[in-house]
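**Q** no FASTA, just this:
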Ligand SMILES: Cc1cc2nc3c(=O)[nH]c(=O)nc-3n(C[C@H](O)[C@H](O)[C@H](O)COP(=O)(O)O)c2cc1C
């Protein structure tokens, strides 16, 4: 009998749907005992979000400052597994606060040590640097990262910004104004993620994970858009300055922090709507000279190793 644990956090339920589909064949398999553990915060974030809480999550998300968790004495966390599937979302180019809090907690050490792990992301579209941060925390916990699947919104970047904000602020996955596509990972991509479950089942049954990522990649587990890597890296540099500055400006309810978070919210929209298109034009103009570098990056971010 093989024991597999899915560890996840989700606000809308999207990540749980994805995780269930990815483990579809394990669920129905008699020789696999599959369990789900939901990460719980002592004080959860609202869903739908209000504007203040949405931007207030920025400094601690980006600076990877953990929050207190509950349900850590759950028996599911007290045993070892043949495989852990770790399903997470990205907040502000970093693992979400609940996910980061779990990875930095001592329960993660005992759970992940010498254990094969598959990371699964469900996000808007900018996940590459967040995955680097998660890789680092998993390696700190001595986990053995054997696979990665990334699902995201395939619509153009600016469309997905509009639709995800509507989703975040209403809590409803809908066609905003009747003209926009639905936000987040498409129903089709969520449904089709069942295709990954056979390779995962085979790997866990044979306890052979060395070629799993290659197999998952053949099934389209990771699709990388080089321009988004450039934007992600650049935005990380800028977010680093903003988050440190705002964090130093006071505690959660301080007026000064509120004021600067408000300024940041306007800056973010300016960066998305004005700076990002300029970066895109520069990216296109310089593409012939950076092609080699982009190809290398694409390969590296598809794999599970950490530089
Ligand atoms: C505060 C916040 C920040 C987010 N930042 C990003 C981001 O930087 N990159 C990205 O691709 N998606 C981002 N998203 C989208 C999430 O990764 C995720 O897809 C969405 O919140 C749905 O996840 P759920 O399963 O928890 O409902 C953000 C969402 C929230 C609420």
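**A** Cool, got the structure. Here the structure is a predicted model, which is why all the values come from computation and not from measurement.

**Q** Can you pull the residues of the stretch 151-300 of the chain lying near the ligand?
**A** Contact residues (CB under 6 Å from any ligand atom) of the stretch 151-300 of the chain with the ligand: 164, 168, 184. C-beta: built from backbone N, CA, C; applies to glycine.

**Q** For those, pick the one with the most neighbours.
**A** Highest neighbour count within those: residue 184, with 25 neighbours (other CB atoms under 10 Å).

**Q** quick revisit: closest to residue 26 out of the residues of the stretch 151-300 of the chain next to the ligand?
**A** residue 184 (24.2 Å; CB to CB).

**Q** Map the structural domains onto the sequence of this structure.
**A** Following automatic domain parsing, the chain resolves into domains at 2-225, 227-300.

**Q** Give me whichever of those domains is most buried.
**A** Neighbour counts (mean count of other CB atoms under 10 Å) averaged over each of these peak at domain 2-225, with a mean of 18.

**Q** Out of the domains of the chain, which gets nearest to residue 306?
**A** Of all the domains of the chain, domain 2-225 sits nearest to residue 306, with 4.5 Å by CB to CB.

**Q** if you average pLDDT over the closest one, what comes out?
**A** Mean pLDDT, computed over domain 2-225, is 98.

**Q** That one spans what distance, first to last residue?
**A** 36 Å (CA to CA, to the nearest Å).

**Q** Same question for stretch 98-109.
**A** End-to-end for stretch 98-109, by CA to CA: 16 Å.

**Q** Would you state the helices of the stretch 1-150 of the chain in chain order?
**A** Under the criterion DSSP state H, counting those that start in this stretch, helices of the stretch 1-150 of the chain are mapped to 14-22, 24-27, 51-56, 58-62, 97-103, 106-112, 128-140.

**Q** which residues are contacting the second one?
**A** For helix 24-27, the external contacting residues (CB atoms under 8 Å, 6 or more residues apart in numbering) are 4, 20, 32, 34, 194, 197-198, 200-201, 204.

**Q** go with 7 Å
**A** 4, 32, 34, 194, 197-198, 200-201 (CB atoms under 7 Å, 6 or more residues apart in numbering).

**Q** Cross these against strands and list the overlap.
**A** In strands, judged by DSSP state E, the following of the contacts of helix 24-27 are found: 4, 32, 34.

**Q** Distance of the second one relative to the ligand?
**A** Right, residue 32. Going from residue 32 to the ligand by CB to the nearest ligand atom, to the nearest Å gives 24 Å.

**Q** Give the bridge partners for that residue, please.
**A** residue 2 (DSSP bridges).

**Q** Surely residue 230 touches residue 283?
**A** Yes: at 5.5 Å, residue 230 counts as touching residue 283 under the criterion of CB atoms under 7 Å.

**Q** that older thread, and of the ones in strands among the contacts of helix 24-27, the nearest to residue 103?
**A** Distances from residue 103 to the ones in strands among the contacts of helix 24-27, taken by CB to CB, are shortest for residue 4, at 18.8 Å.

**Q** Pretty sure the closest one sits against residue 86.
**A** No: between residue 4 and residue 86 there is no contact under CB under 7 Å: 11.6 Å.

**Q** Kindly calculate the angle that the helix ranked longest in the chain makes with helix 128-140.
**A** Criterion DSSP state H: the longest helix present in the chain is helix 276-302. Going by axes from the mean of the first three to the mean of the last three CA atoms, to 10 degrees, helix 276-302 is angled at 30 degrees with respect to helix 128-140.

**Q** Which neighbouring elements make contact with helix 276-302?
**A** The helices and strands touching helix 276-302, judged by 3 or more CB pairs under 7 Å, 6 or more residues apart in numbering; DSSP states H and E, are helix 226-248.

**Q** Touching the helix it packs on from outside, list them.
**A** Taking CB under 7 Å, 6+ apart as the rule, helix 226-248 contacts 58-59, 62-63, 92-93, 125-126, 128-129, 257, 260-261, 264, 276, 279-280, 283, 294, 297-298, 301.

**Q** Skipping adjacent residues, who's closest to residue 276 in space?
**A** Excluding its sequence neighbours, the residue lying closest to residue 276 (CB to CB, 6 or more residues apart in numbering) is residue 231, at 6.1 Å.

**Q** Distance check, the one you found against residue 161.
**A** Applying CB to CB, to the nearest Å, the value for residue 231 to residue 161 is 12 Å.

**Q** With residue 87 instead?
**A** Residue 87 is 23 Å from residue 161, by CB to CB.
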